[in-house]
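> sequence plus predicted model, see below.
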Amino acid sequence: AQKVTQAQTEISVVEKEDVTLDCVYETRDTTYYLFWYKQPPSGELVFLIRRNSFDEQNEISGRYSWNFQKSTSSFNFTITASQVVDSAVYFCALRRHSGYSTLTFGKGTMLLVSP
Amino acid sequence: NAGVTQTPKFQVLKTGQSMTLQCAQDMNHNSMYWYRQDPGMGLRLIYYSASEGTTDKGEVPNGYNVSRLNKREFSLRLESAAPSQTSVYFCASTPDWTGELFFGEGSRLTVL
């Protein structure tokens, strides 16, 4: 069975602060995919990143960065210099690499960035 | 390019009524999914269709039925709505089982 835990239910920061959203996963598979999605107040779900478990290199995209550590089963997401537009619910998800499988989502972390 | 389109976007039902949520994608994706989102529960899979002609239960299938009408369309039916089915429903699709999901805008259903 697969499981994704996002222990932080809600995080509040002031604009320009850095913030890290934690994601810990459980799987018996040796290869898998990890994802992050963003859900802004408007409600749509926006894909942010997919990471193959083969690739443990950290990834940076503008103010966003992701730290994948297979040894601790974590795939944390950091927003640098947060902005009000980053306010959203963020979901981490896991999918098996081999065979057909569906996405298992964490319960999400609500990020509130105040001016 | 419309992506994934869900209808209706809002619906209010009385307990015991039936309704169908429609979903269509124009990306020629093989797999389609129905999720529900409830506060504090994240996204939970109701049913999915790995490919045209197949459907399978997800985590919370009770009270729902689905139909993969063709490659584009995947509908979700509530035969006898219950207040516990008040939720936001998302349809999603993916080209194959490795890719990210593309989501519709969601359908907010209230059962009184």
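The structure has been received and is ready for your questions.

> burial count for residue B:76?
22 (other CB atoms under 10 Å in any protein chain shown). Every residue, glycine included, has its C-beta placed from N, CA and C.

> Three-state assignment for it, please.
strand (DSSP: H, G, I helix; E, B strand; the rest coil).

> that one contacts residue B:34, doesn't it?
Yes: contact criterion CB atoms under 8 Å: residue B:76 and residue B:34 qualify, at 4.7 Å.

> shared neighbours of the two, which are they?
By CB atoms under 8 Å, 6 or more residues apart in numbering or on different chains, residue B:76 and residue B:34 have these common neighbours: B:21, B:23, B:46, B:47, B:64, B:66, B:89, B:91.

> which of those has the largest number of neighbours?
Most neighbours among the shared contacts of residue B:76 and residue B:34, by other CB under 10 Å: residue B:91, with 28 neighbours.

> for it, name its beta-bridge partners.
residue B:34 (DSSP bridges).

> OK, contacts around it?
For residue B:91, the contact set (CB under 8 Å, 6+ apart) comprises B:4, B:6, B:21, B:23, B:25, B:32-35, B:74, B:76, B:103-104, B:107.

> which one of these is nearest chain A?
The shortest approach to chain A among these belongs to residue B:103, at 4.1 Å (CB to the nearest CB).

> following the helix or strand bottoming out on mean pLDDT in chain A, which helix or strand shows up next?
Lowest by mean pLDDT, DSSP states H and E among the helices and strands of chain A is strand A:59-61, with a mean of 86. Note on strand A:59-61: by DSSP states H and E, the next helix or strand toward the C-terminus is strand A:64-69.

> next secondary structure after that following strand?
By DSSP H and E, the next helix or strand past strand A:64-69 is strand A:74-79.

> CA atoms only: put that following strand into CSV for me.
Output of strand A:74-79 as CSV, limited to C-alpha atoms (Å, rounded to 0.1, in the frame of the first residue of the first chain):
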residue,chain,number,x,y,z
SER,A,74,10.7,12.8,1.5
PHE,A,75,10.0,15.1,-1.3
ASN,A,76,9.9,18.6,0.2
PHE,A,77,8.9,21.8,-1.7
THR,A,78,10.4,25.2,-0.9
ILE,A,79,9.1,28.5,-2.1
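
> ok, residues contacting that strand?
Strand A:74-79 is touched from outside by A:18-25, A:34, A:36, A:48, A:51, A:63-69, A:86, A:90, A:92, A:111, with contacts defined as CB under 8 Å, 6+ apart.

> got it, and stretch A:62-69?
Residues outside stretch A:62-69 that contact it (CB under 8 Å, 6+ apart) are A:34, A:36, A:48-49, A:51, A:55-60, A:74-83.

> pull out the buried members of those.
When the contacts of stretch A:62-69 are checked for burial by 16 or more other CB atoms under 10 Å in any protein chain shown, the buried set is A:34, A:36, A:48, A:49, A:51, A:74, A:75, A:76, A:77, A:78, A:79, A:82.
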